[in-house]
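A.B. asks: Sequence and predicted structure are below.
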Amino acid sequence: MSPLPLPPVAQPYQLPFHYGALHQIGLDFLVDPDPVRDLLAKHHPALTAAEFAGRGLVSLNYQLYFAQYPFGGGITEEVEVNIVAFPTAAADRLPEVTYEQYAQGFDQTRLLGIARIHVLCDNPLAIDAGRTLYAEPKYPGGFEVELPSLNGPADHHAWTVRCKAADLSAEGAVERQEDPLFTFSADLGGLAPVPATNTPVTGYGTDSAGRALAGPMNLYQPYHWYDLSAAGPERTDLTVHTATTDIGRDLTRLVADTPATGAWTYQSPPVAAHNRPYYLA
């Protein structure tokens, strides 16, 4: 069998893409596997949905990131709705792991990856790059968020992400609408995180020709993973505001009122601090 060619890198992009800073939260939901299998087959026919103790795994994640370019800098927010899956053709190489082991990076084959179902983003350049380079189902979205920050209260450990509909203008700008699509939140105060070295994260896509591809993403420090199995359902919340949209229907069918079983966060450390001033006299 001949080696496969690498997917092309279209101009003006170049890879790898380097993040200057990243702040991220993910929520994992162990759910009924039947809707998961049906939706995955529709979007990614070369993949099989992973199962953990007979449950499928749906993962939501929010990203706030900065990137530096030759012409300056850019800030991007996005939310992914993913199904954890693996290539069907590689099923015989897949290790048997529990959800807790998967979340902590025990699967070093990296076959267990995130099959993207919806990706909402507020940066037109990132939307085009995701579609072009990684076959992501990426489209405009708007966000209102609350997150822990060194520039905020020290005792604030809660995350809230409200996702809103958006359109691309004729000039190519993302124009956020006021209609909320869904909101998810997590209060992680008082919970002990576990360092989880589970990268590279394999992201799966399927291009317009029906060809599956995988794009790995490396983080240079561990995630913080939180076991929510005994934390109580009040720790997290997912609310679908508009159930008539594609993403609203999918979230309702896949997750409904299932509580999250795990959460994971990543926040880039600061690189500088501007300190409090003092009087000279």
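C.D. replies: Done, it's in. Residues are numbered from 1 along each chain as shown.
A.B. asks: any chance you could map the helices in this structure?
C.D. replies: 33-43, 99-103, 124-134, 246-254 (DSSP state H).
A.B. asks: Output the shortest one in CSV with nothing but the alpha carbons.
C.D. replies: So that's helix 99-103. Provided in CSV are the C-alpha atoms of helix 99-103 (Å, rounded to 0.1, in the frame of the first residue of the first chain):
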residue,chain,number,x,y,z
TYR,A,99,-14.0,7.3,30.8
GLU,A,100,-11.8,8.4,33.7
GLN,A,101,-8.7,6.9,32.1
TYR,A,102,-9.5,8.4,28.7
ALA,A,103,-9.9,11.9,30.3
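A.B. asks: any idea of the mean pLDDT in that helix?
C.D. replies: Averaged over helix 99-103, pLDDT sits at 97.
A.B. asks: Residues contacting it, please?
C.D. replies: Applying C-beta atoms under 8 Å, 6 or more residues apart in numbering, the external contacts of helix 99-103 come out as 28, 30, 50, 52-53, 55, 57, 84, 107, 112, 196, 198, 225, 227, 261-262, 264. C-betas here are computed from N, CA, C, even on glycine.
A.B. asks: Repeat the analysis, applying 7 Å as the threshold.
C.D. replies: Residues outside helix 99-103 that contact it (C-beta atoms under 7 Å, 6 or more residues apart in numbering): 28, 30, 52, 57, 112, 196, 198, 225, 227, 261-262, 264.
A.B. asks: Sort those by pLDDT and name the bottom one.
C.D. replies: For the contacts of helix 99-103, the pLDDT minimum is residue 198, 88.
A.B. asks: How about the contacts made by the residue lying closest to it once chain neighbours are set aside?
C.D. replies: Closest residue in space to residue 198, ignoring its immediate chain neighbours: residue 105 at 3.2 Å, by C-beta to C-beta, 6 or more residues apart in numbering. By C-beta under 7 Å, 6+ apart, the contact set of residue 105 is 196-198.
A.B. asks: ok, residue 31 touching residue 54?
C.D. replies: No: using C-beta atoms under 7 Å, residue 31 is not in contact with residue 54, being 10.8 Å away.
A.B. asks: Looking at those two, which is more packed in?
C.D. replies: The residue with more neighbours, out of residue 31 and residue 54, is residue 31; 19 against 8, by other C-beta atoms under 10 Å.
A.B. asks: Can you verify my assumption that residue 33 contacts residue 53?
C.D. replies: No: if you go by C-beta under 7 Å, residue 33 and residue 53 don't touch, sitting 10.4 Å apart.
A.B. asks: more neighbours, the two?
C.D. replies: Remark: of residue 33 and residue 53, residue 33 carries more neighbours, 17 against 7, as counted by other C-beta under 10 Å.
A.B. asks: Show me the beta-bridge partners of the residue positioned nearest the centre of the chain.
C.D. replies: Central residue of the chain (C-alpha atoms, centre = their mean): residue 61, 3.3 Å from the mean position. Listed by DSSP bridges, the beta-bridge partners for residue 61 are residue 26, residue 80.
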